[in-house]
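K.L.:
Build me a model from this:
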Amino acid sequence: MLEKPRSRTEAILTGARVTQILAFGITMMVGTLAVLFVGVSTGGEQRALTMAFTTFVLFQFFNLFNARNENGTSFDAHLFDNELLWLSLAAVLALQAVAVHWPPAQEVFKTADLSAIDWGVAVGVAAQVLLFEEVRKAGQVALRSVRRRFTA
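P.N.:
Below you'll find the model as predicted:
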């Protein structure tokens, strides 16, 4: 709401936005495949697939924070303002835990129980999409500050 309206002729998907979407997609793909590979090499196929599935769900969880603020950090003073968002995120995590740990859901989704370490791996890998974007945004802010200093 603080930005001027864009022109009707301006593309919604700019080159920078397409690049950002591709970077997110590649990060999620590499992370999910890495977790799948680690899961297969350290346990059974069902566990590996469950870890990859959980990692992908968590990628979406963390990527939501990237969408909160395009230019500044997602961890601003308004982080907890949207109660429905937090309720939705809690529901996503609860449903994922049900799909992974509740036997009737395991039958439906063909999932296996995950250990705390497995969950930690999934969370750690999935959080990278948020970490990379926060670092990129911080770099942008620093670059703008340097440019302002030299153009002032």
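K.L.:
What's the first helix or strand after the longest helix out of those in the chain?
P.N.:
In the chain, assigned by DSSP state H, the helix with the most residues is helix 15-42. Next in sequence after helix 15-42, counting helices and strands by DSSP states H and E, comes helix 45-68.
K.L.:
Can you tell me the closest non-neighbouring residue to Glu133?
P.N.:
With sequence-adjacent residues excluded and distances taken as CB to CB, 6 or more residues apart in numbering, Glu133 is closest to Asn66, at 4.5 Å. Heads up, the C-betas are built off the backbone N, CA and C, glycines and all.
K.L.:
pretty sure that neighbour contacts Ser74?
P.N.:
Yes: the criterion here is CB atoms under 8 Å, and Asn66 meets it with Ser74 at 6.6 Å.
K.L.:
Now for Leu79, how many residues are close by?
P.N.:
By other CB atoms under 10 Å, the residues close to Leu79 number 14.
K.L.:
That should have said Val30, apologies.
P.N.:
12.
K.L.:
And Met51, by the same measure?
P.N.:
28.
K.L.:
residues contacting the nearest residue to it once chain neighbours are set aside?
P.N.:
Spatial nearest neighbour of Met51, chain neighbours left out: Gly39 (4.2 Å); criterion: CB to CB, 6+ apart. Applying CB atoms under 8 Å, 6 or more residues apart in numbering to Gly39 gives the contacts 47-52, 118.
K.L.:
ok, now how distant is Ala23 from Gln60?
P.N.:
Going from Ala23 to Gln60 by CB to CB, to the nearest Å gives 16 Å.
K.L.:
now swap in Ala138 and tell me
P.N.:
Noted for Ala138: a distance of 23 Å to Gln60, by CB to CB.
K.L.:
got it, and Leu79?
P.N.:
Distance from Leu79 to Gln60, by CB to CB: 18 Å.
K.L.:
I appreciate the help and will end here.
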